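*Asks:* Sequence and computational prediction follow.
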Amino acid sequence: MSPTTRVPTKQEVYGRQGRSITDQDANAINRVEELSYDLKVREVMTVKMHTATPEMPLSEVLEILRVNRISGMPVLKDDQLVGILSLEDIVHAMQNNELSSPVSQYMTRKLITVASYDPIVGAMQKFSDSRLGRLPVVDENHKLVGMITKGDITRGILIALQKDYKEEEVRRYRASHLFEDIVSDRTTLVLRYNIKAHDFTHGGNASSNIKRALLRLGADPQIARRCGIAIYEAEINLIIHTTHGGILKLEVESHRITMSTTDDGPGIADIEQVLQPGYTTATEEVREMGFGAGMGLVNIKRCVDKMEIESTVGKGTKLTMRIYVPTENLNVRKEG
Amino acid sequence: MNLSKIIKLANGLLLTPDMDTNIEISGGYGADLMSDVLAASQPDAILLTGLTNPQVVRTAQMSEFRAIIFVRGKQPQAETLVIAKQENIPLITSPFGMFELSGRLHKAGLPSFESNESNN
């Protein structure tokens, strides 16, 4: 097999902005794209607006723009939109020393409008095509109902994203407060997984789910890591050594985490012996997969506070692993 | 060390092209024995290995590795790629062997995250 040695180009690694786009960025972009179709112009536009008339002197408009710190306004005649006046138009007039001229002389008459019922992606398209900074918004009857700027769009998207974020926070909060919100003398969350013998392909899936659940419940990352390694070794043991697979169980309480595996055979004859580092009965096939080096139980013992093995040859084995949670509640994270 | 720099040093090919390579890798660990990895690794390292089965990704996930490089141009099994994408662990293949690649990365300043037996 001849390995390809292609290195991604700088353009591929770094985006146009000179920084790379992470997966999180990519997700956010997708959500923003989604939002640009979901959000309607009327949801993000500015409704309260200042308007000018064609007859108003430019100096008066300039004063309104200055006081309200805005950079343009629509021009109405008899309730009809007839033009748009921007600071740029006023600068033009100033260059000609004509600030006393009426609005009609300098306003932009070529009108590009957006419909209030359009998704904001339509407005974004018009901003990029026209290179204008603000667009008047009209309703079904072509009546002016508001103004939209790129800033309005950004703000609208940020508010929508903030809402998404809050919902995710609430979800996480609910999981991490499970042990506070549900009142009992002793609350235990039990998760069970059936592990098939010799199923190497799915080996570790249960452990992966357990680690994720612990983190979601607000467990200290260090404790989740110890549990993850221990339960993974135990899961691999079920896959490698059992006759019919077994059951992997996680019990979470506010003060401790108990993990166990139960199987129905073949059982261990000499428990002292299997606890010796390097002792193994694994086949060559298992060794080729990177396991079966006789380190599994040694690893587990190192990760947990208490480990117990009960086994009867011909009947089965039960491995119990326990980790004590130092803080009162699972959801209290240690600093650092 | 940035993962993109590691890929460059390894003459590597990113097998999970959508993944971010602008992540910081704190150290390296080389092993073909997954129990060794589980026994003695520190988080945020890159795993150099000749094994390509799905357990490599699971082991990396449990030990909180940030990326995996397959040595000697090995290609992972299909299932390995699936799990790596699921768990967001970048997979890279390098034409170099384990010794050569370890040497190159170490020489370029990537510290070893293997703990020596006497320290255990």
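*Replies:* Looks like it arrived, so ask away.

*Asks:* In terms of helices and strands, where is A:Ile247?
*Replies:* Using DSSP states H and E, A:Ile247 sits within strand A:246-252.

*Asks:* What strands flank the next helix or strand after that strand, and is each parallel or antiparallel?
*Replies:* Per DSSP H and E, the first helix or strand lying C-terminal to strand A:246-252 is strand A:256-263. Strand A:256-263 has the following sheet partners, assigned by DSSP bridges: strand A:246-252 (antiparallel), strand A:316-324 (antiparallel).

*Asks:* Can you point out the buried residues in strand A:256-263?
*Replies:* By neighbour count with 16 or more other Cβ atoms under 10 Å in any protein chain shown, strand A:256-263 contains the buried residues A:Ile257, A:Thr258, A:Met259, A:Ser260, A:Thr261, A:Thr262, A:Asp263. Backbone N, C-alpha and C define where each C-beta goes, glycine included.

*Asks:* Report the distance from that strand to the chain centre.
*Replies:* Mean-position distance between strand A:256-263 and its chain equals 31 Å (Cα atoms, centre = their mean, to the nearest Å).

*Asks:* Can you give the contact residues for the worst-scoring helix or strand of chain B on mean pLDDT?
*Replies:* Scoring the helices and strands of chain B by mean pLDDT, DSSP states H and E places helix B:34-40 at the bottom, with a mean of 85. If you take Cβ atoms under 8 Å, 6 or more residues apart in numbering or on different chains as the criterion, helix B:34-40 is touched by A:229, A:232-233, A:289-291, A:293, A:295-296, A:298-299, A:302, B:29, B:31, B:47, B:51, B:55-56, B:59-60, B:62-63, B:114-115, B:120.

*Asks:* Tabulate the buried residues of strand A:256-263 in TSV, adding columns for pLDDT.
*Replies:* Converted to TSV, the buried residues of strand A:256-263 look like this (pLDDT from 0 to 100):
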residue	pLDDT
A:Ile257	95
A:Thr258	96
A:Met259	96
A:Ser260	96
A:Thr261	96
A:Thr262	96
A:Asp263	95
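
*Asks:* so which two of those are the farthest from each other?
*Replies:* The distance between the two most remote of those (Cβ to Cβ) is 20.7 Å, for A:Ile257 and A:Asp263.

*Asks:* Now for the closest residue to B:Ile83 other than its chain neighbours, how many residues are close by?
*Replies:* The shortest distance from B:Ile83 to any non-neighbouring residue, by Cβ to Cβ, 6 or more residues apart in numbering or on different chains, is to B:Val57 (4.5 Å). B:Val57 has 27 neighbours, counted by other Cβ atoms under 10 Å in any protein chain shown.

*Asks:* How about A:Asp129?
*Replies:* A:Asp129, neighbours per other Cβ under 10 Å, totals 9.

*Asks:* any chance you could map the strands in chain B?
*Replies:* Per DSSP state E, chain B carries strands over the ranges B:13-14, B:27-30, B:45-49, B:67-70, B:91-93.

*Asks:* Distance to A:Pro221 added to these, as TSV?
*Replies:* Output for the strands of chain B, formatted as TSV (distance: least, Cβ to Cβ, whole Å):
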stretch	distance to A:Pro221
strand B:13-14	27
strand B:27-30	18
strand B:45-49	16
strand B:67-70	19
strand B:91-93	24
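
*Asks:* Can you say which of these is nearest to chain A?
*Replies:* Among the strands of chain B, the nearest to chain A by Cβ to the nearest Cβ is strand B:13-14 (4.9 Å).

*Asks:* Any residue of that closest one touching chain A?
*Replies:* Yes: against chain A, strand B:13-14 shows contacts by Cβ under 8 Å from any Cβ of the partner chain at B:Leu13, B:Leu14.

*Asks:* helices and strands around that strand, which ones?
*Replies:* strand B:91-93 (3 or more Cβ pairs under 8 Å, 6 or more residues apart in numbering or on different chains; DSSP states H and E).

*Asks:* ok so, going back, select from the contacts of helix B:34-40 every entry located in helices.
*Replies:* A:Ile229, A:Tyr232, A:Glu233, A:Gly296, A:Val298, A:Asn299, A:Arg302, B:Gln55, B:Val56, B:Thr59, B:Ala60, B:Met62 (DSSP state H).

*Asks:* neighbours around A:Thr312, how many?
*Replies:* The burial count for A:Thr312: 12, using other Cβ under 10 Å.

*Asks:* looking at it, it is touching A:Gly267, isn't it?
*Replies:* Yes: in this structure, A:Thr312 is within contact of A:Gly267 by Cβ atoms under 8 Å, at 5.3 Å.

*Asks:* Pull the contacting residues for residue 114.
*Replies:* I'll assume chain A. Going by Cβ under 8 Å, 6+ apart, A:Val114 touches A:Val41, A:Gly122, A:Ala123, A:Lys126, A:Leu135, A:Pro136, A:Val137, A:Val138, A:Ile148.

*Asks:* my bad, chain B
*Replies:* With Cβ under 8 Å, 6+ apart, B:Glu114 has these contacts: B:Tyr29, B:Gly30, B:Ala31, B:Ala40, B:Ser41.

*Asks:* Would you reformat the residues you listed as JSON lines and include neighbour count?
*Replies:* Below are the contacts of B:Glu114 laid out as JSON lines (neighbours: other Cβ atoms under 10 Å in any protein chain shown):
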{"residue": "B:Tyr29", "neighbour count": "22"}
{"residue": "B:Gly30", "neighbour count": "22"}
{"residue": "B:Ala31", "neighbour count": "22"}
{"residue": "B:Ala40", "neighbour count": "20"}
{"residue": "B:Ser41", "neighbour count": "23"}
